[in-house]
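K.L.:
Return a 3D structure for these sequence lines:
(2 chains)
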There are 2 protein chains.
Amino acid sequence: MDTKQLLILSASVLASSFGGSAMAQGSKDPYVRVAEIEIDPAQIEPCKAAVKEQIEAAVRLEPGVLALYSVADKENPAHVFVFEIYADAEAYKAHLETAHFKKYKSATNDMVKSLKLRDTVPIRLGAKPK
Amino acid sequence: MDTKQLLILSASVLASSFGGSAMAQGSKDPYVRVAEIEIDPAQIEPCKAAVKEQIEAAVRLEPGVLALYSVADKENPAHVFVFEIYADAEAYKAHLETAHFKKYKSATNDMVKSLKLRDTVPIRLGAKPK
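P.N.:
Predicted coordinates:
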């Protein structure tokens, strides 16, 4: 492979990388959900650890899990949002059946005070193309 | 630049690309905010158009705007979430001063019934590395 071919390959890899404008402008939007979790204030740290572990496994092991972004409200650390991007609704259904997700649900069952799950319709998923 | 140098450069560009695991594992987490907007039900479409336009401009023009993901609740299309990822808090402050953001705020002033802005602390920002 010469330098020119390599440049073209690099450009192509970059253009198709997740987070690029391709995601938002492609023929099919991904399937996005917003989860809102209220954690028992006494169990914030173990719950956050379980969330982290679940996200790492899901992103690594599931081709249809494009992103799982979890953040805590700075004013109220027990209030957590997870912004979930799946390739499609099937990928979300498959995610619910994985061993790591079931382990997470069982481990956090007594830590979560309330859970709001929202099915959404993307308006615009804008991200840096590189 | 020879092929080897180019390969190293490509690998470095890929490793630092947004959405990669580098983002979550880097020395500094990005600055993330969650906005919740309640739109006047009679003005959903023009408001969504203004949101789209603002996001496209911000992602294209501002180096510190890494991603702006806007979605509407499927059960209630007037309820909109924007998951906002900035390089740092300075990039967010700079964003508020841009012409496209000010235009958006002014255009949607009478369309937005309520607005909840949340400052957050990332727990885990997991995304496919490619």
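K.L.:
ok so A:V32 is a strand residue?
P.N.:
Yes. Remark: A:V32 belongs to a strand, assigned using DSSP: H, G, I helix; E, B strand; the rest coil.
K.L.:
Mind giving me the packing neighbours of the longest helix seen in chain A?
P.N.:
Secondary structure assigned by DSSP state H gives helix A:44-61 as the longest helix of chain A. Secondary-structure packing of helix A:44-61 (3 or more Cβ pairs under 8 Å, 6 or more residues apart in numbering or on different chains; DSSP states H and E): strand A:31-39, strand A:65-73, strand A:79-86, helix A:99-108, strand B:112-127. For every residue, glycine as well, the C-beta is placed using N, CA and C.
K.L.:
so where's chain A uncertain?
P.N.:
Within chain A, the segments meeting pLDDT under 70 span A:1-27, A:130.
K.L.:
switch the cut-off to 90
P.N.:
A:1-29, A:129-130 (pLDDT under 90).
K.L.:
Determine which residue lies closest to the centroid of it.
P.N.:
For chain A, A:L68 is the residue whose C-alpha lies nearest the centre (Cα atoms, centre = their mean; 1.5 Å).
K.L.:
tilt between the longest helix of chain A and strand A:79-86?
P.N.:
Here helix A:44-61 runs at an angle of 10 degrees relative to strand A:79-86 (axes from the mean of the first three to the mean of the last three Cα atoms, to 10 degrees).
K.L.:
Tell me which residues are up against helix A:44-61.
P.N.:
For helix A:44-61, the surrounding residues in contact (Cβ atoms under 8 Å, 6 or more residues apart in numbering or on different chains) are A:37, A:39-40, A:65, A:67-68, A:70, A:72, A:77-78, A:80, A:82, A:95, A:98, A:100-101, A:103-104, A:107-108, A:111-112, B:21, B:123-124, B:126-128.
K.L.:
Pull out the buried members of these.
P.N.:
Neighbour-count burial within these applies to A:37, A:39, A:65, A:67-68, A:70, A:72, A:77-78, A:80, A:82, A:95, A:98, A:100-101, A:104, A:107-108, A:111-112, B:21, B:123-124, B:126-128; the criterion is 16 or more other Cβ atoms under 10 Å in any protein chain shown.
K.L.:
related to what we said a few turns ago, any idea how far the residue nearest to the centre of chain A is from A:K48?
P.N.:
Noted for A:L68: a distance of 13 Å to A:K48, by Cβ to Cβ, to the nearest Å.
K.L.:
Check A:S70 too.
P.N.:
Distance from A:S70 to A:K48, by Cβ to Cβ: 8 Å.
K.L.:
now the helices and strands packed on helix A:44-61 in a markdown table, with distance to B:I44?
P.N.:
Formatted as a markdown table, the helices and strands packed on helix A:44-61 follow (distance: least, Cβ to Cβ, whole Å):
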| stretch | distance to B:I44 |
| --- | --- |
| strand A:31-39 | 18 |
| strand A:65-73 | 25 |
| strand A:79-86 | 21 |
| helix A:99-108 | 33 |
| strand B:112-127 | 11 |
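K.L.:
so which of those gets nearest B:A91?
P.N.:
Counting by Cβ to Cβ, B:A91 lies closest to strand B:112-127 out of the helices and strands packed on helix A:44-61; the figure is 13.9 Å.
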